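[1] model the structure of this input:
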Amino acid sequence: MPESPETHIIDYRAAEQLLAARDPRGAVKLLDSVIASHPENTAARLLRARAFFAAAQLRPAELEFELVLEREPDNAFAHFALARTFERSGRPEQAKRHFRLAAALDPKPEYLQAARFDSNAPDA
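    Numbering: from 1, shown residues only. Coordinates of the predicted model:
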């Protein structure tokens, strides 16, 4: 059966469901074909980055989040997720930068707390 735009939408939605059901590797497999056909699709790349992160594939997650940020530098969630990726990779200084960018772009309590703007600690 040939692929169509509808097939890709179905695969994207199914990948969302797989990620929600804690099957990130299954989500990545579905998203690979979507991204191969539509490499400019930032939403699919962001979902694949989240799936890589959930599967503890930190380097691929990092690369996808960075690609999303090249296209959408004001995406607070992508900054926050990249920061979490750096944090899990043992790179706190890089994480701090992106936590702060996320909080500056969108002052959600979760982002502000991670950025530690309210901390009195030096260099926090």
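[2] buried residues, stretch 30-49. List them.
    The neighbour-count check on stretch 30-49 (16 or more other Cβ atoms under 10 Å) flags L30, L31, V34, I35, N41, T42, A44, R45, L46, L47, R48, A49 as buried. The way it works is simple: take the backbone N, C-alpha and C, and place the C-beta from them, glycine included.
[3] out of those, what pair is the most spread apart?
    L30 and T42 (16.8 Å; Cβ to Cβ).
[4] buried residues, the longest helix anywhere in the chain. List them.
    What stands out as the longest helix in the chain, according to DSSP state H, is helix 5-20. The neighbour-count check on helix 5-20 (16+ other Cβ under 10 Å) flags H8, D11, Y12, A15, E16, L18, L19 as buried.
[5] separation between the second one and A115?
    Same thing as D11. D11 is 35 Å from A115, where distance means Cβ to Cβ, to the nearest Å.
[6] the last one too?
    From L19 over to A115 the distance is 26 Å, taken as Cβ to Cβ.
[7] same question, the first one
    Plainly put, H8 is 36 Å away from A115 if you go by Cβ to Cβ.
[8] cool, the fifth one as well?
    Note on E16: its distance to A115, by Cβ to Cβ, is 28 Å.
[9] which stretches in the protein count as helices?
    Going by DSSP H, the chain shows helices at 5-20, 24-37, 42-54, 58-71, 76-88, 92-105, 109-115.
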